[in-house]
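*Asks:* Everything below, folded, please.
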Amino acid sequence: MKRPPRYPKRPAPNPPRRRPALPKPPPAPEVPEHICEADVAEGLERIAFSEIRRRFGEHVERLDQGAARPGVLRFSYAGNLYHLLRLRMVQSVYLSRRFDVPRPKALLGHQHFTALLAMIAAVRDLLPPEDYQTLTINAAGSDSSVMRRLKDELAAATGLTPADEGDLLIRLRHPPDDPLAWEALVRLSARPLATRFWRVCSREGALNAAIASAMAFLTQPKPDDVFLNMACGTGTLLIERLALENAASATGYDLDEAALDCARQNIGAAGLADRVSLHLGDARALPLPDKSVDALCADLPFGHLVGSHEGNLELYPELLREAARLLKPGGRAVFITHEVRLMEDLLADSPRWKIEQIIRVAQGGLNPRIYVLVRV
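*Replies:* Model (predicted):
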């Protein structure tokens with residue numbers, strides 16, 4: 001007879017419970033890729049695209065490397081179009097779409113017309129509705145019956161009023177590489193980006209803000225800079241410098257009290273009244289110590305709308321001497337002027353300055369130069 005076991009058998013343990021599988025995370029939303037084009041002052045294409053690259057990194061790719069046109073940057077962008085409105089060194093940015101149609105009349109067809117309306121809706125969503133009241137089409141043959149009909153149809157579908165200078169600007173053209181297709185470009189803003197919100201006061205000959213931003217960038221701005229704007233005019237360079245980077249101080253001098261009053265209005269509208277110091281003073285003899293400035297800029301009189309060539313013959317040498325006195329060794333000076341021969345003669349044998357680069361730009365039908373100088 002079998003003896004019973006001394007200890008009862010333990011019941012078999014329950015099998016371990018499996019942790020329920022976690023649900024798979026939803027796929028990341030696909031970021032749409034846009035084809036965009038930016039208008040830039042001729043000569044500043046490289047600097048302007050460097051800003052785009054700094055801001056958007058791998059989300060942007062230039063598309064026109066092998067066939068770049070002066071004053072144009074073409075690029076793809078994977079991101080929110082709204083962020084492109086922060087660019088400071090371009091004149092305007094457009095959303096672009098190609099239509100493989102031989103004639104613009106085909107854009108009135110349902111498929112292509114719907115695509116145009118989708119472009120317009122994407123742009124209008126970026127800004128408050130009240131920013132867009134009118135519409136215009138810029139194209140070769142814009143007075144033709146087809147273009148007039150297209151403008152009227154788009155105006156009716158969007159509720160905008162046709163105008164010669166519309167808030168919503170649509171450009172139609174043949175793509176550069178295909179005369180048998182058409183391309184639509186819709187400006188992302190109701191006004192060019194270079195038309196700054198803070199410019200409440202302007203004067204003849206005022207510097208374009210996008211060019212001023214590029215000049216400020218060329219000073220290699222740092223947050224501890226003592227920054228000086230000689231002959232500051234309406235304050236454009238001061239505002240654009242502080243939009244790029246803080247500064248220990250930002251000071252402007254001008255001989256014209258009316259210009260300083262205009263600068264005060266613009267600087268106040270930009271919200272910088274407590275960060276900029278403005279003074280009445282002659283840029284040729286400023287009440288500042290030697291070697292007290294890290295970086296300076298000046299929009300020198302071209303001798304056309306402002307000043308005269310005869311006056312510049314006296315002004316330029318004195319102003320360059322004063323700039324050299326004020327800058328610390330290694331300090332940077334960035335000037336823009338149309339007096340090319342005079343400037344280059346003065347710099348040719350100067351022991352005070354090293355010419356880092358000279359950039360030819362287009363502004364208002366003129367071709368001034370930007371001089372980037374380093375104090376020796």
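*Asks:* now for the longest helix seen in the chain, which elements pack on it?
*Replies:* If each helix of the chain is counted by residues according to DSSP state H, the longest one is helix 309-326. Helices and strands touching helix 309-326, as assessed by 3 or more CB pairs under 8 Å, 6 or more residues apart in numbering; DSSP states H and E, comprise strand 293-299, helix 340-348. Any C-beta I mention is one placed from the backbone N, CA and C, and that applies to glycine too.
*Asks:* could you dump those to TSV with mean neighbour count and mean pLDDT?
*Replies:* Formatted as TSV, the helices and strands packed on helix 309-326 follow (neighbours: other CB atoms under 10 Å; pLDDT from 0 to 100):
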stretch	mean neighbour count	mean pLDDT
strand 293-299	25	99
helix 340-348	14	96
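*Asks:* Among the ones you listed, which comes closest to Ile211?
*Replies:* For the helices and strands packed on helix 309-326, proximity to Ile211 was assessed by CB to CB; strand 293-299 is nearest, at 9.0 Å.
*Asks:* Can you name the residues in contact with that closest one?
*Replies:* Counting by CB atoms under 8 Å, 6 or more residues apart in numbering, strand 293-299 makes contact with 207, 212, 215-216, 219-222, 224-231, 233, 236-237, 241, 283, 319, 323, 326-328, 331-336, all of which sit outside it.
*Asks:* my guess is Gly271 is in a strand, correct?
*Replies:* No: secondary structure of Gly271 (DSSP: H, G, I helix; E, B strand; the rest coil): coil, not part of a strand.
*Asks:* Ignoring the adjacent residues along the chain, who's closest to it?
*Replies:* Trp198 (8.0 Å; CB to CB, 6 or more residues apart in numbering).
*Asks:* in the longest helix of the chain, what counts as buried?
*Replies:* Of all the residues in helix 309-326, those buried under the rule 16 or more other CB atoms under 10 Å are Asn312, Leu315, Tyr316, Leu319, Leu320, Glu322, Ala323, Ala324, Arg325, Leu326.
*Asks:* likewise stretch 33-48?
*Replies:* Within stretch 33-48, the residues that count as buried by 16+ other CB under 10 Å are 34-41, 43-45, 47-48.
*Asks:* With stretch 357-364 instead?
*Replies:* Of the residues in stretch 357-364, those buried by neighbour count under the rule 16+ other CB under 10 Å are Ile359, Val361, Ala362, Gln363.
*Asks:* if we can go back for a sec, with distance to Asp164 as added columns, please give the helices and strands packed on helix 309-326 in CSV.
*Replies:* CSV is the format used below for those (distance: least, CB to CB, whole Å):
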stretch, distance to Asp164
strand 293-299, 31
helix 340-348, 36
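*Asks:* Mind checking these for the one nearest to Met119?
*Replies:* Taking CB to CB as the measure, the helices and strands packed on helix 309-326 were each checked against Met119, and strand 293-299 came out nearest at 37.1 Å.
*Asks:* What pairs with the closest one, parallel or antiparallel?
*Replies:* Counting by DSSP bridges, the strands paired with strand 293-299 are strand 226-229 (parallel), strand 327-337 (parallel).
*Asks:* Now it - C-alpha only, PDB.
*Replies:* Output in PDB follows, covering the C-alpha atoms of strand 293-299 (Å, rounded to 0.1, in the frame of the first residue of the first chain):
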ATOM      1  CA  VAL A 293      32.200 100.800 -30.600                       C
ATOM      2  CA  ASP A 294      32.000  97.100 -31.700                       C
ATOM      3  CA  ALA A 295      30.100  97.500 -34.900                       C
ATOM      4  CA  LEU A 296      28.600 100.300 -37.000                       C
ATOM      5  CA  CYS A 297      26.500 100.900 -40.100                       C
ATOM      6  CA  ALA A 298      25.700 103.800 -42.300                       C
ATOM      7  CA  ASP A 299      23.500 104.500 -45.300                       C
END
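*Asks:* so His279 sits in a strand?
*Replies:* Yes: under the criterion used here (three-state DSSP), His279 sits inside a strand.
*Asks:* separation between it and Ala243?
*Replies:* When distances are taken as CB to CB, to the nearest Å, His279 and Ala243 turn out to be 21 Å apart.
*Asks:* go on, Leu278?
*Replies:* When distances are taken as CB to CB, Leu278 and Ala243 turn out to be 17 Å apart.
*Asks:* Compare those two (neighbour count), which wins?
*Replies:* Neighbours per residue, other CB atoms under 10 Å: of Leu278 and Ala243, the larger number sits with Leu278, 21 against 18.
*Asks:* ok, and for stretch 145-163, which residues are buried?
*Replies:* Within stretch 145-163, judged by 16+ other CB under 10 Å, the buried ones are Val146, Met147, Leu150, Lys151, Leu154, Ala155, Thr158, Leu160.
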